[in-house]
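> Sequence and predicted structure below; questions after.
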Amino acid sequence: MKIEDKLTESVLKGVKELYGADVPARTVQLQKTKKEFEGHLTLVVFPFLKASKKAPEQTAAEIGAYLQRNEPAIAAYNVIKGFLNLTIASAVWVDMLNRIHADSAWGIRKPEAQAPLVMIEYSSPNTNKPLHLGHVRNNLLGCALANIMEANGYRVVKTNIVNDRGIHICKSMLAWLKYGGGETPESSGKKGDHLVGDYYVAFDKHYKAEVAGLMEKGMSKEEAEAQAPLMQEARGMLRKWEAGDPEVRALWSRMNGWVYAGFDETYRMMGVSFDKVYYESDTYLEGKKKVLEGLEKGLFYRKDDGSVWADLTAEGLDQKLLLRADGTSVYMTQDIGTAEQRFADYPIDKMIYVVGNEQNYHFQVLSILLDKLGFEWGKDLVHFSYGMVELPEGKMKSREGTVVDADDLMEAMIDTAKETSSELGKLDGLTQAEADDIARIVGLGALKYFILKVDARKNMTFNPKESIDFNGNTGPFIQYTYARIRSILRKAGESGIVVPEVVPAGVELSTKEEGLVQLLADFPEVVRQAGTDYNPSILANYAYDLVKEYNQFYHDFSILREENEALKVFRLALSCNVGKIVKLAMGLLGIEVPERM
Ligand code: ARG
């Protein structure tokens, strides 16, 4: 039984005995005692004043005295205003630690066969360019969210929609045909997604020059942009693609193949994966069909130029293009088809789209359109909308080729981790392979933690330097504490001290030690909260609080040199479980922890 539940029973009994009143269990509000006060749990006594007919202070004192007399779990109490601060007995904390110690996955719920199924879409790149810093935040959030939902007992399907067709893909293809000279990843030694991305940038450069030329001849910007021969050609290519032109399709397959090989490498390095990948090229026709059905039913309308639109003015929005005049589909069209496919493939109870907040409007519209089209779940889709991420130098602009590339960023983080670690002499005595692996774990941990500790909705600046600091609220600080704990346990093992399955009772604990066990006991609730709020940052900040407390404990108390055997064993078990929970919490965030560092 949870300590809170046990205390609730005793409080109810006390109120009955002291004041003769039966109060409902929900009136018993136990909160974690604020740091500045003494105690572990604080009871709010205001709900009992009606029964006691006494002042808050007196009521609190009476209930406190009752609990100290009758509830063995309570060792002491103090009253501050109407708040009763309760100190839980050491024996209860030792017991608690034993329960945590017995459960290797404390706080993690096992997925149940009949649990609701959550599909989480994340990443969802376009195949015209490599992944960038924004995708990094997306992938990390999506992956963490998937882990967290699973830890809350849901069945989870991780999915990705690859936008593998459309005008932007044709731009890369056209530029490659025109300026590529047959270059391939093999011939150039470039990663496939980078190579294709370079041609997307090249397209833009030449296109801008054409537009400028046309404007010099007196065209308006708008006209010039539409009339530029390169854009005309790209549109022609898209029409050919939709018509199934074998040459265009072959080039498309070939170039997309390069991109996928590149993406796979990036995903592997980042440590993210998917259960099911959808491709726009497979789903857009389904979307087109749905739009035409909607047109037939009078849900949408056709303009004179042939384009199809949804009128969303009744919903307070505007007109939304669903099919272009030339019959080609738009971004929204594929999302309708993709949704249809997904729900046909899985018994989805909840659909979560992890997509940046610049697409808030898109998902607002998608939800309305799906609802109009008769999809039951349309209304309830969740857009997990996250803010932009920048580097300290400023915004990233993908078109100009100054984008922060995901591969480059990860590589730079790992290099920095290597430098920092070797400067601190932390890699001495390790083999090259061990040192490399630690640098990978620390570099990626720094990146991931720095991004995930921030509330997803907020815009943020990723500061590489700050992120890799071995002190403060950083991944490496948490990883370092974990490694320290592992080293203590190794040393204990070498001197023949084993952590027993059950820690013996009868030790008197310090406030610091009790506080640490209480933090560990909080973990299941933290996991639950992160799941109900869709908020990985709660877990990140919990991990930080935990290691901060542990480090203070480590600083103030001796472990292996403690003379009292029982206390030594308790402290080892405590350390071992702090390590376990740090690893679990970081694992949910997709962050590895090193055995040494
Ligand atoms: N590929 C799109 C982009 O890069 C994001 C796709 C988001 N997911 C979706 N179902 N629309 O902007």
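That came in fine, so what should we check first?
> Could I get the contacting residues of Ile414?
Ile414 makes contacts with 439-440, 443-444, as judged by C-beta atoms under 8 Å, 6 or more residues apart in numbering. Any C-beta I mention is one placed from the backbone N, CA and C, and that applies to glycine too.
> Using the three-state scheme, assign it.
Three-state assignment for Ile414 (DSSP: H, G, I helix; E, B strand; the rest coil): helix.
> and the lowest-mean-pLDDT helix or strand in the chain, how far out from the chain's middle?
The helix or strand of the chain with the lowest confidence, counting by mean pLDDT, DSSP states H and E, is strand 389-390 at a mean of 90. How far strand 389-390 lies from its chain's middle: 16 Å, per C-alpha atoms, centre = their mean, to the nearest Å.
> same check, this time on stretch 421-436
In terms of C-alpha atoms, centre = their mean, the centre of stretch 421-436 is set 30 Å apart from its chain centre.
> For that stretch, measure first residue to last.
One end of stretch 421-436 sits 11 Å from the other (C-alpha to C-alpha, to the nearest Å).
> Stretch 324-339 too?
End-to-end for stretch 324-339, by C-alpha to C-alpha: 20 Å.
> who's in contact with Gly107?
Counting by C-beta under 8 Å, 6+ apart, Gly107 touches 151, 523-524, 526-527, 581, 584.
> if we go to 7 Å?
By C-beta atoms under 7 Å, 6 or more residues apart in numbering, the contact set of Gly107 is 523-524, 527, 584.
> Now do the SS call for it.
Criterion first, three-state DSSP; result for Gly107: coil.
> could you pull out the strands for this structure?
Here the chain has its strands, by DSSP state E, at 30-32, 41-44, 74-80, 83-88, 117-121, 155-162, 276-279, 301-302, 308-311, 319-323, 350-356, 382-386, 389-390, 460-461.
> Please name the strands paired to the first one in the sheet, noting orientation.
Within its sheet, and counting by DSSP bridges, strand 30-32 is paired with strand 41-44 (antiparallel).
> Just the pLDDT for the residue of the stretch 1-150 of the chain found nearest the ligand.
The ligand sits closest to Ser124 of the stretch 1-150 of the chain, with a gap of 3.6 Å, by C-beta to the nearest ligand atom. pLDDT recorded at Ser124 is 97.
> Excluding covalently adjacent residues, which one is nearest to it?
Ile161 (4.8 Å; C-beta to C-beta, 6 or more residues apart in numbering).
> who does that neighbour bridge with?
Counting by DSSP bridges, Ile161 forms beta bridges with Tyr278.
> From Asn577, how far off is it?
Here Ile161 is placed at a distance of 41 Å from Asn577 (C-beta to C-beta, to the nearest Å).
> ok, now Ser487?
From Ser487 to Asn577 the distance is 16 Å (C-beta to C-beta).
> So these two - more neighbours on which side?
Legend: neighbour count by other C-beta atoms under 10 Å for Ser487 and Asn577, higher for Asn577 (23 against 13).
> shouldn't the more buried one be in contact with His101?
Yes - counting by C-beta atoms under 7 Å, Asn577 touches His101, with 5.6 Å between them.
> If we ignore the residues flanking it in sequence, what's nearest Lys81?
The shortest distance from Lys81 to any non-neighbouring residue, by C-beta to C-beta, 6+ apart, is to Pro56 (6.5 Å).
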